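Colleague: Predicted model, plus sequence, below.
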Amino acid sequence: MAYGNTPYPGGNTPYPGPPAWGAWAPPPPRPGVIPLGPLGLGEILGGAFATIGRHWKQLLGFALAVYGVALVVFGGALALAYLSVKGELHRLLDWSGESAPSSDQVVPLVATFAGVYVFGIVVLLVANAVVYASCPAVLQDAVLGRPSSIGAVWRRVRPRAWAVLGTVVITALITAVPLVLMALAFIGVVVTMIALAADGSGEWGWLILVGFLGMLATGPVAVWLWVRFSFAPAVAVFEGQGAVGALARSAQLVRGAWWRVFGIALLAFVMAAAASYLIQLVFQLLSLLPTGPASLSEQPGDSGVALTIVLTTMVFGLLTTLVGQILTSAFPQLVVALLYVDQRIRKENLAPALAEAAGLPPQQPPAAYGV
């Protein structure tokens, strides 16, 4: 079921609002995780938590599979890069000359691992796009109260993944501008401090000014555009639109509710980040437990203790990274997708179409008391 392609009755009719004084209206039907009416903050957050509770296997299993594949692909690229420059890297690490290594020795290493870093960013963007597409795909069944499966989610995600990727890339490019300027300001601070300590020169101070002023100028614009385009992944999945059409449709739906969308989305990201931090803290504490008995039974400096510590740290570090990435990706996207549904209910009277799709009987119009 696509929310935007089927000509539902009343699809472009504004929401009629609450009944007049003296009239009684039944509560909106609730076939799934949310009532089919305008949503408040509690209903949006509750709907996101309920979706995770009912469909956690589909959400978490799909995200684990996607990020697991991305990790394997990036690990393979890193291993190939290491093998290609293994000799140069070992010669650089074993360097004992009095002068610094030549550019012919350093440049190939920097270029190789910079390429791997860029490749990793691309892989992460693709993985995020697939996970972002899976959240609305799961939410479709959650809102209508229907069962779901990983196979069904994949069938919905597969044809829409490239459109969602387009929206993610465009949004990432928008938000990258102030981040690059912030990095420029930070580099300016570091370079200026080094120059002042070396020869008392502050000739690089202009980097700080350019980066700071540029960040102040572009930051608010980037945030404003990010909120306007925040519905784009949900639009691409629900309505089957391409990347550009999804961005334009998102801007249309957000118009008039920018601050509400911004506040609720920001709250969702903060909640996800806090939960991710707490879970990572627990994993970090658990990673210390296996090394305790081993350190008591082995002699100091034993290679077995070192190997246990390294392997345990790597495993728990990988788990914390995966869990943190899933939380910070899935939960906010569920909240934003519910905001999309809420805006369509408020602006386009989507509730009757959802009730019809869920197989519910149509509700009777409210009647005034005494009539």
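Modeller: Now that the structure is in, tell me what you want to look at. Residues are numbered from 1 along each chain as shown.
Colleague: all contacts plus neighbour counts: C-alpha atoms, from now on.
Modeller: Will do.
Colleague: Give me the phi and psi for residue 229.
Modeller: phi -100, psi 10 (degrees, to the nearest 10).
Colleague: Count residues in the vicinity of it, would you?
Modeller: Neighbour count for residue 229, taken as other Cα atoms under 10 Å: 24.
Colleague: ok, now which ones touch it?
Modeller: Counting by Cα atoms under 8 Å, 6 or more residues apart in numbering, residue 229 touches 171, 247, 248, 250, 251.
Colleague: got the buried residues for the helix or strand hosting residue 271?
Modeller: If you go by DSSP states H and E, residue 271 is part of helix 258-288. Using 16 or more other Cα atoms under 10 Å as the test for burial, helix 258-288 gives 261-262, 264-265, 268-269, 271-273, 275-277, 279-280, 283-284, 287.
Colleague: could you say which helix or strand contains residue 216?
Modeller: Counting by DSSP H and E, residue 216 is part of helix 205-228.
Colleague: Repeat that for residue 42.
Modeller: Using DSSP H and E, residue 42 maps to helix 41-54.
Colleague: Give me the contacts around that helix.
Modeller: By Cα under 8 Å, 6+ apart, helix 41-54 touches 33-35, 59, 138-139, 142, 264, 268, 331, 334-335, 338-339.
Colleague: If we use 6 Å, what do you get?
Modeller: Helix 41-54 is contacted from outside by 33, 34, 142, 334, 335, using Cα atoms under 6 Å, 6 or more residues apart in numbering.
Colleague: right, and the third one touches residue 31 too?
Modeller: No: the pair residue 142 and residue 31 does not pass the contact test of Cα atoms under 6 Å, sitting 8.7 Å apart.
Colleague: Quick one: list the elements packing against the very next helix or strand once past the helix holding residue 42.
Modeller: Using DSSP H and E, the next helix or strand after helix 41-54 towards the C-terminus is helix 56-84. Counting by 3 or more Cα pairs under 6 Å, 6 or more residues apart in numbering; DSSP states H and E, the packing neighbours recorded for helix 56-84 are helix 103-144.
Colleague: same for the helix it packs on, what does it pack against?
Modeller: Packed on helix 103-144, when contacts are counted by 3+ Cα pairs under 6 Å, 6+ apart, are helix 56-84, helix 150-157, helix 161-199.
Colleague: now that helix against helix 41-54, angle please.
Modeller: 100 degrees (axes from the mean of the first three to the mean of the last three Cα atoms, to 10 degrees).
Colleague: and residue 142 and residue 31? which has more neighbours close in?
Modeller: residue 142 (23 against 18).
Colleague: Where does the prediction get shaky in this structure?
Modeller: Residues of the chain meeting the criterion pLDDT under 70: 1-25, 89-106, 183-211, 287-318, 363-371.
Colleague: rerun that using 50 as the cut-off
Modeller: Applying pLDDT under 50 to the chain flags residues 1, 5-22, 292-303, 366-371.
Colleague: Residues touching stretch 246-264, excluding its own?
Modeller: Here stretch 246-264 makes contact (Cα under 6 Å, 6+ apart) with 228, 229, 231, 232, 235, 236.
Colleague: which one of those is nearest residue 175?
Modeller: Among those, residue 229 lies closest to residue 175 (Cα to Cα), at 11.5 Å.
Colleague: Export the helices and strands packed on helix 103-144 to a markdown table and append columns for distance to residue 46 and mean neighbour count.
Modeller: Output for the helices and strands packed on helix 103-144, formatted as a markdown table (distance: least, Cα to Cα, whole Å; neighbours: other Cα atoms under 10 Å):
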| stretch | distance to residue 46 | mean neighbour count |
| --- | --- | --- |
| helix 56-84 | 15 | 17 |
| helix 150-157 | 22 | 17 |
| helix 161-199 | 25 | 18 |
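Colleague: To residue 132, which of those lies closest?
Modeller: Proximity to residue 132, assessed across the helices and strands packed on helix 103-144 by Cα to Cα, is greatest for helix 161-199 (7.5 Å).
Colleague: how about residue 327, what does it touch?
Modeller: If you count contacts by Cα under 6 Å, 6+ apart, residue 327 has them with residue 272.
Colleague: I'd like the distance between it and residue 263.
Modeller: Residue 327 sits 19 Å away from residue 263, taking Cα to Cα, to the nearest Å as the criterion.
Colleague: just residue 182 next, same as before
Modeller: Residue 182 sits 24 Å away from residue 263, going by Cα to Cα.
Colleague: just to revisit the earlier point, let me know the angle separating the helix holding residue 271 from helix 205-228.
Modeller: Going by the same axes, to 10 degrees, helix 258-288 makes 110 degrees with helix 205-228.
Colleague: Please render the helices and strands packed on helix 103-144 as a markdown table that adds distance to residue 346 to the earlier fields.
Modeller: Below are these laid out as a markdown table (distance: least, Cα to Cα, whole Å):
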| stretch | distance to residue 346 |
| --- | --- |
| helix 56-84 | 27 |
| helix 150-157 | 26 |
| helix 161-199 | 24 |
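Colleague: nearest to residue 352, of those helices?
Modeller: Going by Cα to Cα, the one of the helices and strands packed on helix 103-144 nearest residue 352 is helix 150-157, 23.2 Å.
Colleague: which helices and strands does that closest one pack with?
Modeller: If contacts are counted by 3+ Cα pairs under 6 Å, 6+ apart, helix 150-157 sits against helix 103-144.
Colleague: please redo it, this time with the cut-off set to 10 Å
Modeller: helix 56-84, helix 103-144, helix 232-238 (3 or more Cα pairs under 10 Å, 6 or more residues apart in numbering; DSSP states H and E).
Colleague: Those: which one's closest to residue 159?
Modeller: helix 232-238 (8.9 Å).
Colleague: Show me what that closest one is packed against.
Modeller: helix 103-144, helix 150-157, helix 161-199, helix 243-254, helix 303-348.
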